[in-house]
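# Structure for this input, please:
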Amino acid sequence: MKRTIALLAGTLSLAGAFAVATPAAAMAATGTVASAPVAEETIIEISAANYEQVMAMSNTKPVVLDFTATWCHWCQVQKPHLKKFNEQDKGAWILGVVDVDKNKDISRKYSVRGIPALVSVGKGKEYGSRSVGFDSAETLRTWLTNVVNKYPATR
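Down below sits the predicted model:
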């Protein structure tokens with residue numbers, strides 16, 4: 001009985017350790033993303049559970065929704081560039097990673113038909129053009145710069 005309780009307590013403490021948000025620099029180095037939005041995080045794995053919170057974050061800065069999948073080659077090619085640019089931009093925008101296989105409702109909401117797909121959200125609404133597919137790091141950098149520059153002004 002004591003062994004079971006100790007094992008359970010150890011498991012719970014480990015689960016708690018994984019729920020703690022990781023700083024963006026560490027996430028870029030490890031390739032992990034936060035599973036829930038935290039004010040200082042700029043890379044967030046989006047799910048139905050935290051979608052509304054992330055949309056609320058778009059009231060203060062752009063959110064770039066990255067519709068992706070683990071099996072998608074071009075998604076995996078684009079991923080390190082997104083993380084690098086997010087880190088370089090020092091919190092100017094939030095990267096919301098949406099796994100299309102795990103979040104079909106969110107993918108349908110944005111009518112995502114092909115991946116990788118990037119959608120910019122400001123003030124809870126899509127704005128600007130979408131980026132579908134991966135062309136080059138330079139094209140991605142230009143698109144992200146436009147997302148930040150065209151972020152809707154506060155009304």
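# pLDDT weak spots in the protein?
The model of the chain has pLDDT under 70 over residues 1-40, 153-155.
# and the residue most central in space within the chain, how far is that from residue 70?
For the chain, residue 96 is the residue whose C-alpha lies nearest the centre (C-alpha atoms, centre = their mean; 2.0 Å). Relative to residue 70, residue 96 is positioned 17 Å away (C-beta to C-beta, to the nearest Å). Just so you know, the C-beta spots here come from the backbone N, C-alpha and C atoms, and that holds for glycine as well.
# where do the strands sit along the chain?
43-45, 63-68, 94-99, 117-122, 125-126, 131-132 (DSSP state E).
# So which residues make contact with the fourth one?
Spelled out, it's strand 117-122. With C-beta atoms under 8 Å, 6 or more residues apart in numbering as the contact definition, strand 117-122 has outside contacts at 55, 58, 62-67, 96, 110, 112, 126-128, 130-132, 143, 147, 150-152.
# Filter those down to the buried ones.
55, 58, 62-67, 96, 112, 128, 131, 143, 147, 151-152 (16 or more other C-beta atoms under 10 Å).
# quick check, nearest of those to residue 46?
Set against residue 46, the nearest of those by C-beta to C-beta is residue 96 (4.5 Å).
# Tell me the buried residues in stretch 44-60?
Residues of stretch 44-60 classed as buried: 44-47, 50-51, 54-55, 57-58 (neighbour count, 16+ other C-beta under 10 Å).
# Correct me if wrong: the residue nearest to the centre of the chain contacts residue 46.
Yes: between residue 96 and residue 46 there is a contact at 4.5 Å, judged by C-beta atoms under 8 Å.
# who touches both of those two?
Joint contacts of residue 96 and residue 46 (C-beta under 8 Å, 6+ apart) are 54, 65.
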